[in-house]
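K.L.:
A predicted structure for the sequence below; I have some questions about it.
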Amino acid sequence: MRRVRLRAAVAVAALAVAAPAALAAAAPAVHSQRAAGPAAGPLGQQAIPRDPAGLLKGAQIHGVILGAPGSKPEDLKRELPRLRALGVNMVTIYIYAWMDSLTSLEVRYDHALTIKDADLKDLTNAAHRAGLAVKYAPIIKIRNDQTWRGHIAPTNVARWFSYYDSMVLHYSRIARPLNVEVFSIGSELSSMHKYTDQWIRLALAANKGYLGITTYMATPAGMKGIAWFRYVDVISTSPYYTLSSKSHPSIGELVYVWQHSYLPTLKAISLKERRKILMAEIGYASVVGTTYKPALAYRSPQPPASESEQANAYEALIRATKGSESWMRGIVWWNYAAYSGAPPLDTSYSMRLKKAECVLARYWSKQSLVSLVRTGVVPAACQARTT
């Protein structure tokens, strides 16, 4: 049971009038459990359930990140029932916003690549009707550049936060009436973590009137420099650790590295901050050597395709974290594309129609593989792939 979030009017008023020092001393924020039940819809339409996956009652998160920049919402909607059958209980929707350069002040929408508000609402309602929880995660991208957002250095920090806060709070206002279960106030903005007062202000504003779970995602290295984690409900991270430098490591080897090299550090952060850890983005390309620097999407030369190495990495993490529910909130995989190349030649991160998807079905689904094969959710090969 989560403790009651402190939402006193005084704390809210602090957004406008409190000095930075007062904000830094504000009490930690934690949410209360909200009542679940269907939200009334227009006459003749199916009611939209609230918290259909039970996340706000404490259910572990079994998530995937939907699509990529420019994905068509109608394509993603068609995949939702299939994801639920696989045992997924939450879909993350990345909402992409753009900076022209690392030093830009403005955070802009891209009409071609940023999901439209109407489509976002429609996709959210469709996910809830399919029995899935939803997470909104605004993501900064640098236009025409592969530079990571963790290196941004706006020339005027206050002005940058005014643009950034406006973008984030726009989506928090959309999230509230739609009963979005999880809302992230940011992702991997490592160079900006030191501006504690600004992040506290944003966290308090995002929490105002919101009854879901708030979070922020940092890289494992970036987590160490954040002094404001207690103003969100869950600490998110993107744990793209190197697990092995060799090709075709065994599942047992990968489990050992997780349990002895990385999970103890994450557990220590959870205990220190009194917040559970969500692996909010972790993925592996279906290539040979995928567990070496797994965040490297572009490798030269491109390694051969390998569904098995991707699947083994998935299984290793699921097995390594079994029994960690006291301090871990769950796993969210990058990513699930509505369309991808034909296995076994496709080398993308998407697990769709690959052996890694069979792993999810085996560990997460409430249905048997036999039932999933019979209903066409997974191919018959999954029964052989997971034996």
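P.N.:
Good, I have the coordinates. Numbers count the residues shown, from 1 in each chain.
K.L.:
in this structure residue 370 contacts residue 383, no?
P.N.:
Yes. Counting by CB atoms under 8 Å, residue 383 is a contact partner of residue 370 at 7.3 Å. Bear in mind the C-beta positions are built from the backbone N, C-alpha and C, glycine included.
K.L.:
more neighbours, those two?
P.N.:
residue 383 (17 against 11; other CB atoms under 10 Å).
K.L.:
go ahead and list the helix or strand containing the more buried one.
P.N.:
Per DSSP states H and E: residue 383 is located in helix 381-385.
K.L.:
which strands and helices lie in contact with that helix?
P.N.:
Here helix 381-385 touches helix 355-364, helix 369-374, going by 3 or more CB pairs under 8 Å, 6 or more residues apart in numbering; DSSP states H and E.
K.L.:
just give me the neighbour total for the closest residue in space to residue 319 that isn't next to it in sequence.
P.N.:
Nearest non-adjacent residue to residue 319, counting by CB to CB, 6 or more residues apart in numbering: residue 255, 5.3 Å away. By the measure other CB under 10 Å, the count of residues near residue 255 is 20.
K.L.:
distance check, residue 255 against residue 293.
P.N.:
The gap separating residue 255 from residue 293 is 19 Å, by CB to CB, to the nearest Å.
K.L.:
got it, and residue 160?
P.N.:
In this view, residue 160 and residue 293 are 30 Å apart by CB to CB.
K.L.:
okay, those two: which has more neighbours?
P.N.:
Set residue 160 next to residue 293 and count neighbours by other CB under 10 Å: residue 160 wins out with 22 against 13.
K.L.:
which strand or helix spans the more buried one?
P.N.:
Here residue 160 sits within helix 157-175, counting by DSSP H and E.
K.L.:
output that helix as CSV - backbone C-alpha positions only.
P.N.:
C-alpha atoms of helix 157-175 as CSV (Å, rounded to 0.1, in the frame of the first residue of the first chain):
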residue,chain,number,x,y,z
VAL,A,157,18.9,27.2,-18.4
ALA,A,158,15.8,29.0,-17.0
ARG,A,159,14.4,29.6,-20.5
TRP,A,160,15.0,26.0,-21.5
PHE,A,161,13.2,24.8,-18.5
SER,A,162,10.2,27.1,-19.3
TYR,A,163,9.9,25.4,-22.7
TYR,A,164,10.5,21.9,-21.4
ASP,A,165,8.1,22.3,-18.5
SER,A,166,5.4,23.6,-20.8
MET,A,167,5.8,20.5,-23.0
VAL,A,168,5.8,18.0,-20.1
LEU,A,169,2.9,19.6,-18.3
HIS,A,170,0.9,19.7,-21.5
TYR,A,171,1.0,15.9,-21.6
SER,A,172,0.4,15.6,-17.8
ARG,A,173,-2.9,17.5,-18.4
ILE,A,174,-3.8,15.0,-21.1
ALA,A,175,-2.9,12.0,-18.8
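K.L.:
show me what contacts the spatially most central residue of the chain?
P.N.:
Compute the mean C-alpha point of the chain, and by CA atoms, centre = their mean the closest residue is residue 280, 3.7 Å away. Counting by CB atoms under 8 Å, 6 or more residues apart in numbering, residue 280 touches 63, 92, 135, 137, 184, 215, 217, 236-238, 332.
K.L.:
looking at the residues you listed, which is nearest residue 147?
P.N.:
Closest approach to residue 147 among these (CB to CB): residue 238, at 16.7 Å.
K.L.:
give me the phi and psi for that closest one.
P.N.:
Main-chain dihedrals, residue 238, degrees, to the nearest 10: phi -120, psi 90.
K.L.:
isn't it right up against residue 217?
P.N.:
Yes. Contact criterion CB under 8 Å: residue 238 and residue 217 qualify, at 6.0 Å.
K.L.:
what do the two both touch?
P.N.:
By the contact definition CB under 8 Å, 6+ apart, residue 238 and residue 217 are jointly contacted by 187-188, 280-281.
K.L.:
and these as CSV, adding distance to residue 202, pLDDT and secondary structure?
P.N.:
Converted to CSV, these look like this (distance: CB to CB, whole Å; pLDDT from 0 to 100; DSSP: H, G, I helix; E, B strand; the rest coil):
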residue, distance to residue 202, pLDDT, secondary structure
187, 13, 98, strand
188, 16, 98, coil
280, 18, 98, strand
281, 20, 98, strand
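K.L.:
of those residues, select the buried ones using a PyMOL command.
P.N.:
Buried members of these, defined by 16 or more other CB atoms under 10 Å, are picked up in PyMOL with:
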select buried, resi 187+188+280+281
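K.L.:
for the stretch 201-350 of the chain, which segments count as helices?
P.N.:
All helices of the stretch 201-350 of the chain, identified by DSSP state H, counting those that start in this stretch, fall at 251-257, 263-273, 307-320.
K.L.:
before we move on, what about the stretch 1-150 of the chain?
P.N.:
Applying DSSP H, counting those that start in this stretch to the stretch 1-150 of the chain gives helices spanning 9-17, 20-24, 73-86, 117-129.
K.L.:
tell me which residues are up against the last one.
P.N.:
The one in question is helix 117-129. Outside of helix 117-129, the residues within contact range by CB under 8 Å, 6+ apart are 46, 48-50, 52, 66, 73, 76-77, 80, 91, 93, 95, 115, 133-134, 136, 171, 174, 178-180.
K.L.:
rerun at 7 Å
P.N.:
If you take CB atoms under 7 Å, 6 or more residues apart in numbering as the criterion, helix 117-129 is touched by 46, 48-49, 52, 73, 76-77, 80, 91, 93, 134, 174, 178, 180.
K.L.:
over to stretch 237-249?
P.N.:
188, 217-220, 223, 253-254, 257, 262, 266, 277, 279-282, 288-289, 291-295, 309.
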